[in-house]
Every structure is written in structure tokens, then in C-alpha cells.
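Peer 1: All I have is the shape, not the residue letters:
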């Protein structure tokens, strides 16, 4: 039996391998979120990924939700 965590990791890997997806770090994700480019949230709860989609370029920027949460907590502390 495959664990849910392993399955989620596999789905995240497949999602990140798509040509129009780019995995970014917490600092870049936050910069995108606060920048001037019009982005739409594109989260995928089934994989635990937080995403921002740029309709103009077709690129979706992804980050693991847990990694983003840890970064946010560190910034507050």
C-alpha cells in the first residue's frame, strides 16, 4: 500500500514537471504575490501546493504549502 504522503509527493513532482509550471522558493513566491503582475491563485489542495497563475504568460508558479507556512512562521518570529 502506498502512503498518502508518497502519492502526494509523486503528484507534486508530476505537476512541477509540466512545461508551464515552475517551482519557486518562499522568497520568490512572496515577491510574486506582492508584485505588480496580475496573478490568480492556483492552489491544488490534493497535492498541498500553493500556486499563482500568470494568465498572460501561461506560467503557474508553485510552492509546497508546508514550506511556505514554515517560511511565514519564521518571518513572524
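Peer 2: Now that the structure is in, tell me what you want to look at. Given the structure is predicted, the values throughout are model-derived calculations rather than measurements.
Peer 1: For the residue lying closest to residue 37 once chain neighbours are set aside, list each beta-bridge partner.
Peer 2: Excluding its sequence neighbours, the residue lying closest to residue 37 (CB to CB, 6 or more residues apart in numbering) is residue 54, at 6.1 Å. For the C-beta atoms, the positions are set from N, CA and C on the backbone; glycine is no exception. Beta-bridge partners recorded for residue 54 (DSSP bridges): residue 59.
Peer 1: quick one: contacts for the residue nearest to residue 42 when sequence neighbours are not counted?
Peer 2: Spatially, and ignoring its direct neighbours in sequence, residue 42 is nearest to residue 51 (3.6 Å; CB to CB, 6+ apart). With contact set as CB atoms under 8 Å, 6 or more residues apart in numbering, residue 51 has these partners: 21, 41, 42, 43, 44, 60, 61, 62, 63.
Peer 1: Show the buried residues in those residues.
Peer 2: By neighbour count, with 16 or more other CB atoms under 10 Å, those hold 21, 44, 60, 61, 62, 63 as buried.
Peer 1: Serialize those to JSON lines and add fields for secondary structure.
Peer 2: Shown next, in JSON lines, are those (DSSP: H, G, I helix; E, B strand; the rest coil):
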{"residue": "21", "secondary structure": "strand"}
{"residue": "44", "secondary structure": "strand"}
{"residue": "60", "secondary structure": "strand"}
{"residue": "61", "secondary structure": "strand"}
{"residue": "62", "secondary structure": "strand"}
{"residue": "63", "secondary structure": "strand"}
